[in-house]
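Asker: Build me a model from this:
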Amino acid sequence: MISRLRLAVVAAEPSGDRLGAGVLAALRQIYQDVDVRGIGGPEMTRLGLNSLCDIHDLSVMGVEDLFRKLPRALAVRRRLLADLLADPPDLFLGIDSPDFNLSLEKRLRRAKIPTAHLVSPTVWAWRSYRLRKIRNAVDKMLVLFPFEETFYRERNVPAVCVGHPAAREIAGLERGAARRALHIDPDATVVAVLPGSRESEVKRLGSIFIETIKRVAERRPDVRFIVPLASERMRDVLTETVRLEPVKHKVMLLNGRAREVLAASDVALLASGTAALEAALAGTPMVVAYRVSWSSYGLARLLAKTDKVSMPNHLLPEPIIPEFLQSQATPSAIAEALLDLLKDHNKAQAISSSLRSIRDTLDLDTNRLVAEAVVELSQASREP
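Answerer: All right, here's what the predicted structure looks like:
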């Protein structure tokens, strides 16, 4: 084993926290001592990170969220930058959160601190002008999807595809075992409902999703709904935002366990994001719905190069996942799409089969590949 690694890391989203925890665990198999500092959530905290702040203070979705949280985020970044410049780590690893991380990485790289970035921003879909910033900020991009590696290499940005750790993790989740763990009848019809991991998402989508549940339940009284929330905090946000009484007898609320719920479900309703990819990796047919403020949506449409928002639709040869965005995201339209999947078993099975091909493509030893890239960059920086 190599003696010691002094690592700085920032993961400002729950999904990034999970990714970072896997990488830290892999690095501890290589180094006798991993000294880690920066920003992360409970997963990385359990592996020795003393986070500079609560990641929910930095998690931003939409223009309103940006203005509300920006002063705090900038203050945290200034404090972290000063600390890292005063006591440089062997390497900085930014995980997702490009609006926070790229500027930080650029300053650190200018100070001769090696930088790697895990999870590419969607420059291939929108805001392609960030490519120049990425080129100046990052020694190596560690991307999750094969087409992203090709995209970057064609534009002279060092990149390597590391796959997605969720592919291997979710492959081990069997439907029957997931149902037993969740105490679900093996013959029950189950719909997973995931309204997002950010406060703004839960507040904006919660009432739409609960009304959708009500409409589906009226026509399919046999269906059971499970709502896994990203944290106790998100559970409180949901219960404070919407009235659950009309569907309370049909709905099970959980803290976490989203992957188990997706593996156990026949169909999923979810916000676009990590959950859509995890549903795909579980082979669960899904309906995606999303709403942001109209100002955020207008900006996104202005800068976007694609009209698809869910990653499964980008990874498949043809888009097959129904997406309901903005004014299209109504309870009646979403409920019809869910009922269609619940009724047409052949269609649902065909979608499930297509989704599993994504898992086959992304099932690499992600944590090991990221750890090896970290070792390579940190050692190269020590060479005379």
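Asker: Which secondary structure element of the chain has the lowest mean pLDDT?
Answerer: Of all the helices and strands that make up the chain, the one with the lowest confidence by mean pLDDT, DSSP states H and E is helix 294-303; it has a mean of 54.
Asker: tell me the SS of the residue nearest to residue 271 when sequence neighbours are not counted?
Answerer: Nearest residue to residue 271, sequence neighbours excluded (CB to CB, 6 or more residues apart in numbering): residue 196, at 3.9 Å. Just so you know, the C-beta spots here come from the backbone N, C-alpha and C atoms, and that holds for glycine as well. When the structure is reduced to helix, strand and coil (DSSP: H, G, I helix; E, B strand; the rest coil), residue 196 reads as coil.
Asker: What is the very next helix or strand once past the least confident helix or strand of the chain packed up against?
Answerer: Reading on from helix 294-303 to the C-terminus, the next helix or strand found by DSSP states H and E is helix 311-315. Contact analysis of helix 311-315 by 3 or more CB pairs under 8 Å, 6 or more residues apart in numbering; DSSP states H and E lists helix 274-281, helix 345-362 as its packing neighbours.
Asker: Could you provide these in a markdown table, with additional columns for mean neighbour count, distance to residue 151 and mean pLDDT?
Answerer: Formatted as a markdown table, the helices and strands packed on helix 311-315 follow (neighbours: other CB atoms under 10 Å; distance: least, CB to CB, whole Å; pLDDT from 0 to 100):
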| stretch | mean neighbour count | distance to residue 151 | mean pLDDT |
| --- | --- | --- | --- |
| helix 274-281 | 27 | 18 | 93 |
| helix 345-362 | 16 | 16 | 94 |
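Asker: Reformat those into JSON lines and put distance to residue 91 next to each item.
Answerer: Putting those into JSON lines (distance: least, CB to CB, whole Å) gives the following:
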{"stretch": "helix 274-281", "distance to residue 91": "25"}
{"stretch": "helix 345-362", "distance to residue 91": "25"}
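Asker: And those helices: which comes nearest residue 330?
Answerer: Distances from residue 330 to each of the helices and strands packed on helix 311-315 were compared using CB to CB; the minimum, 19.3 Å, belongs to helix 274-281.
Asker: so which strand or helix has residue 253?
Answerer: strand 251-255.
Asker: Which of the helices and strands packed on helix 311-315 sits closest to residue 43?
Answerer: Using CB to CB as the measure, helix 274-281 is the one of the helices and strands packed on helix 311-315 that comes nearest residue 43, at 13.4 Å.
Asker: Beyond the closest one, next helix or strand please.
Answerer: Per DSSP H and E, the first helix or strand lying C-terminal to helix 274-281 is strand 286-290.
Asker: the strands in the chain, which residues?
Answerer: Counting by DSSP state E, one finds strands in the chain at the ranges 2-11, 31-39, 50-51, 91-95, 115-118, 140-143, 159-161, 189-194, 223-229, 251-255, 267-270, 286-290, 323-325.
Asker: The last one pairs with which strands, and in what direction?
Answerer: Based on DSSP bridges, the strands next to strand 323-325 in the sheet, each with its direction, are strand 286-290 (parallel).
Asker: and if you look at the third one?
Answerer: Based on DSSP bridges, the pairing partners of strand 50-51 within the sheet are strand 31-39 (parallel).
Asker: Would you mind listing the buried residues in the strand it pairs with?
Answerer: Of the residues in strand 31-39, those with enough neighbours to count as buried (16 or more other CB atoms under 10 Å) are 31, 34, 36, 37, 38, 39.
Asker: Among those residues, which pair sits farthest apart?
Answerer: Greatest spatial distance in those: 31 and 39, 20.8 Å, computed using CB to CB.
Asker: Between the two ends of stretch 79-95, what distance do you get?
Answerer: Its first and final residues considered, stretch 79-95 spans 18 Å by CA to CA, to the nearest Å.
Asker: which helix in this protein runs the most residues?
Answerer: Of all the segments of type helix in the chain, defined by DSSP state H, the longest one is helix 63-86.
Asker: elements contacting it?
Answerer: In terms of contacts (3+ CB pairs under 8 Å, 6+ apart), helix 63-86 is packed against strand 2-11, strand 31-39, helix 98-110, helix 294-303.
Asker: can I get these in CSV with distance to residue 310?
Answerer: Formatted as CSV, the entries for the helices and strands packed on helix 63-86 read as follows, by distance: least, CB to CB, whole Å:
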stretch, distance to residue 310
strand 2-11, 22
strand 31-39, 27
helix 98-110, 19
helix 294-303, 14
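Asker: Find the centremost residue of this protein, please.
Answerer: When the chain is reduced to its mean C-alpha position, the closest residue under CA atoms, centre = their mean turns out to be residue 274, at 3.3 Å.
Asker: hang on, isn't it packed against residue 197?
Answerer: Yes - look at residue 274 against residue 197 with CB atoms under 8 Å: they come within range, at 7.4 Å.
Asker: Can you check which residues contact both of the two?
Answerer: Listed as contacting both residue 274 and residue 197 by CB atoms under 8 Å, 6 or more residues apart in numbering are residue 15.
Asker: what stretches of the stretch 51-200 of the chain score poorly on pLDDT?
Answerer: Under the criterion pLDDT under 70, the flagged ranges of the stretch 51-200 of the chain are 57-69.
Asker: if you set the cut-off to 80 instead, what comes out?
Answerer: Counting by pLDDT under 80, the stretch 51-200 of the chain has low-confidence residues at 54, 56-70, 125-127, 197.
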